[in-house]
Each structure stands twice: as structure tokens, then as C-alpha cells.
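Student: turn this into a structure:
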Amino acid sequence: MKKIDAKKQGMSDTSYKNITTRRAIASAQVVFSSDSFAAFVQEGSPKGNILETARVAGIIAAKSTPQIIPLCHPLELSKVGIIFDIDKKNRNVMITSEVIYKGRTGVEMEALTAVAAAALTVYDMMKWKDKGIIIKDIRLMQKSGGKSGDYKR
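Tutor: Numbers count the residues shown, from 1 in each chain. This next block holds a predicted model:
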């Protein structure tokens, strides 16, 4: 019988970890040209309400993380929140997600997946005006809970 390399066996074993409240906050930025930002603010999208659709996409993505990212644990999330901050001066939208879960593994991937999907949805709904819209700076901002401790960017 071949011995399994502990570092290459698949999903992490979380059975020994303590159940704690896990929280993660992630962000992403969508940057528009002058014309596309004006259309975003004034016209919106022919597909419908951009930010509400992006919010729902982000929530669905967070809940679907194990189907998108291999080896992520399926989790019963307690909260997924998505907020949008429209910066008219710099023609961008900052997307922030907050994910909370009480269990044995972190929710960083769920928070990151949420903002990525929300940003992609904004792009999809505005590509009719400009295919040069930029999605950037997808990153973890904070995490708490678990044995690795807290993190804050």
C-alpha cells in the first residue's frame, strides 16, 4: 500500500480545530473610463439594476465557493454582505464583502470569491459601453477567528 504524502492528500483536515466565529472582509475595485462611468451613473445597463444584480452574484458566489475553488470546504455561512462605494472623482466602484461563519475553517476564500463575482457582474452589465473596464486589487482586507489569529491589511 502506497503511503499518502500528508501535504498532498487533498482537503485540509479541520476535524481537530476549535469551532470559532470566523470573519473575513475582501475588496475589489472596478475602474471605468470617463464615458463608461457616465453611462454607469446616468444610464445603467440594458440588462437591469447593476449593483443589485452584482450583490446577488456576490452572495451566490460566496455560497458556491466549494464548487468554484477546488478543495474548499462546503460551509453553512451565517452572513454574506456586499457593499458598493461609488467614487465619482476617480470613476470607480469599490466592492467590499463581509462573510461570517461559525466553524472550523476560515472564510477568506468565500469573501474573495464574493467580490470577484460582484466585480465580474458589474463588468458584464457595462461591457455594452466599454470593454476596457478594469477589475483590480482583489484582496483580503481582514480576517479573524481561528488558530492563525487575526489579519488586517
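
Student: the closest residue to Thr53 other than its chain neighbours is in what secondary structure piece?
Tutor: For Thr53, the nearest residue in space outside its immediate sequence neighbours is Thr121; the separation is 5.8 Å by Cβ to Cβ, 6 or more residues apart in numbering. To be clear about C-beta, it is placed using only N, CA and C from the backbone, and glycine gets the same treatment. Assigned by DSSP states H and E, Thr121 belongs to helix 108-126.

Student: helices or strands up against that helix?
Tutor: strand 20-31, helix 34-42, helix 50-63, helix 65-68, strand 79-87, strand 92-103, strand 134-144 (3 or more Cβ pairs under 8 Å, 6 or more residues apart in numbering; DSSP states H and E).

Student: can I get these in JSON lines including mean pLDDT, mean neighbour count and distance to Met126?
Tutor: As requested, the helices and strands packed on helix 108-126 are exported to JSON lines (pLDDT from 0 to 100; neighbours: other Cβ atoms under 10 Å; distance: least, Cβ to Cβ, whole Å):
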{"stretch": "strand 20-31", "mean pLDDT": "97", "mean neighbour count": "21", "distance to Met126": "8"}
{"stretch": "helix 34-42", "mean pLDDT": "96", "mean neighbour count": "15", "distance to Met126": "6"}
{"stretch": "helix 50-63", "mean pLDDT": "98", "mean neighbour count": "20", "distance to Met126": "7"}
{"stretch": "helix 65-68", "mean pLDDT": "96", "mean neighbour count": "16", "distance to Met126": "23"}
{"stretch": "strand 79-87", "mean pLDDT": "98", "mean neighbour count": "16", "distance to Met126": "13"}
{"stretch": "strand 92-103", "mean pLDDT": "97", "mean neighbour count": "22", "distance to Met126": "10"}
{"stretch": "strand 134-144", "mean pLDDT": "98", "mean neighbour count": "16", "distance to Met126": "11"}
